[in-house]
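Novice: Just a sequence and a predicted model for now, questions to come.
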Amino acid sequence: MVTPIGKCTPENTYDGNLDKNEDDDDDDDEISLSSDEELNKSSNDVDRKHHLQSFWFRAQKHLAGRVMRNDHSVKSIIGNSAYKSLKALYALMKLYIKPEADVKRLYKCLLKTIGKIGVIKQYRNLTDEDYTNIREIHDKSLTIALTLISFAQTDYTYNYKFLKEQLDSCKDSVCQAVTPHLSQKSIERIKHLFNVLGSKEFLDAVYDQSAEEARKVLLRNLVDSLNLLIGRRK
């Protein structure tokens, strides 16, 4: 079993602990009251507009972090197909990553990351580099999904190194995209999430050919939901 808490790869200096009270400790989601003071002190319309946009962005990140906790809200925001894919992944995480309480925190981190990337995508002050990073995340996520499907549908094709390289590349793109917009603490959480899901222990267990049928069903559920999601986005 994969035990995520307290185990981090050398590339991730985060201590491995997704805060026990994580939902109440999102420092990147703080809506600073000083924003109002700064707004009143602004000497021109450009400054005022900038402060308003900055406040809007922080408020939206805060809201995304709160809304993405609730299953019904998540489903309504990302759509039924994407929601089913996430729940199928969650079922595999609960089976192969212990303890379950830590899996729940990892899953919450995943949902909130998706929500915050959605907010970043809507932010009006994005640079060309930001848009490039967002497109890369989309393309790399699609490639990972297709790889997961291929490995599951064709026996004995699973290649951990190949899949790990794809996950690491996607992790780098996600971190690069969110670095200007989220706190270092949130970025380390994202790295930790990718490191756990990309661990050899977890992926080897998911693709174990000798696993009992009840376990293989969970992987097929993920494949079916990913196929449906990809088909609807073409």
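Specialist: Looks like it arrived, so ask away.
Novice: Quick check: residue 96 touching residue 205?
Specialist: Yes: using CB atoms under 8 Å, residue 96 makes contact with residue 205 at a distance of 4.5 Å. In short, each C-beta sits where N, CA and C put it, glycine included.
Novice: So for the two, which residue has more residues nearby?
Specialist: Each of residue 96 and residue 205 has its neighbours counted (other CB atoms under 10 Å); residue 96 has more, 21 against 17.
Novice: Output the contacting helices and strands for the biggest helix by length in the chain.
Specialist: Secondary structure of the chain read by DSSP state H shows that its longest helix is helix 128-153. In terms of contacts (3 or more CB pairs under 8 Å, 6 or more residues apart in numbering; DSSP states H and E), helix 128-153 is packed against helix 100-122, helix 160-178, helix 213-233.
Novice: How is this structure partitioned into domains?
Specialist: Following the assignment in automatic domain parsing, the chain carries domains at 31-67, 78-233.
Novice: Could you tell me the least trusted of those domains?
Specialist: Ranked by mean pLDDT, the domains of the chain bottom out at domain 31-67, with a mean of 50.
Novice: Just the buried positions in the strand or helix carrying residue 85, please.
Specialist: According to DSSP states H and E, residue 85 maps onto helix 80-96. Within helix 80-96, the residues that count as buried by 16 or more other CB atoms under 10 Å are 81-90, 92-93, 95-96.
Novice: Buried residues in the longest helix of the chain, which are they?
Specialist: 130, 133-134, 136-137, 140, 144-145, 147-149, 151-152.
Novice: from those residues, which two are the most distant?
Specialist: Spatial extent of the buried residues of helix 128-153 (CB to CB) is set by the pair 130 and 152 at 33.4 Å.
Novice: Alpha carbons of the helix holding residue 85, as CSV, please.
Specialist: The C-alpha trace of helix 80-96 is given here as CSV (Å, rounded to 0.1, in the frame of the first residue of the first chain):
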residue,chain,number,x,y,z
ASN,A,80,-20.8,14.6,-15.4
SER,A,81,-18.1,12.8,-17.5
ALA,A,82,-15.2,14.5,-15.7
TYR,A,83,-16.9,13.9,-12.4
LYS,A,84,-17.2,10.2,-13.1
SER,A,85,-13.5,10.0,-14.0
LEU,A,86,-12.5,11.7,-10.8
LYS,A,87,-14.7,9.4,-8.7
ALA,A,88,-13.2,6.4,-10.5
LEU,A,89,-9.7,7.6,-9.7
TYR,A,90,-10.8,8.2,-6.1
ALA,A,91,-11.9,4.6,-5.8
LEU,A,92,-8.5,3.4,-6.9
MET,A,93,-6.8,5.8,-4.5
LYS,A,94,-8.9,4.5,-1.6
LEU,A,95,-8.0,0.9,-2.5
TYR,A,96,-4.3,1.3,-2.9
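Novice: Report all helices and strands that that helix contacts.
Specialist: helix 71-78, helix 100-122, helix 200-206, helix 213-233.
Novice: That one to helix 128-153, inter-axis angle?
Specialist: 60 degrees (axes from the mean of the first three to the mean of the last three CA atoms, to 10 degrees).
Novice: what does helix 80-96 contact?
Specialist: With CB atoms under 8 Å, 6 or more residues apart in numbering as the test, helix 80-96 has contacts from 1-2, 71, 74-75, 78, 100, 103, 106-107, 110-111, 197, 201-202, 205-206, 215, 218-219, 221-222, 224-226, 228-229, 232.
Novice: Done for today, thanks.
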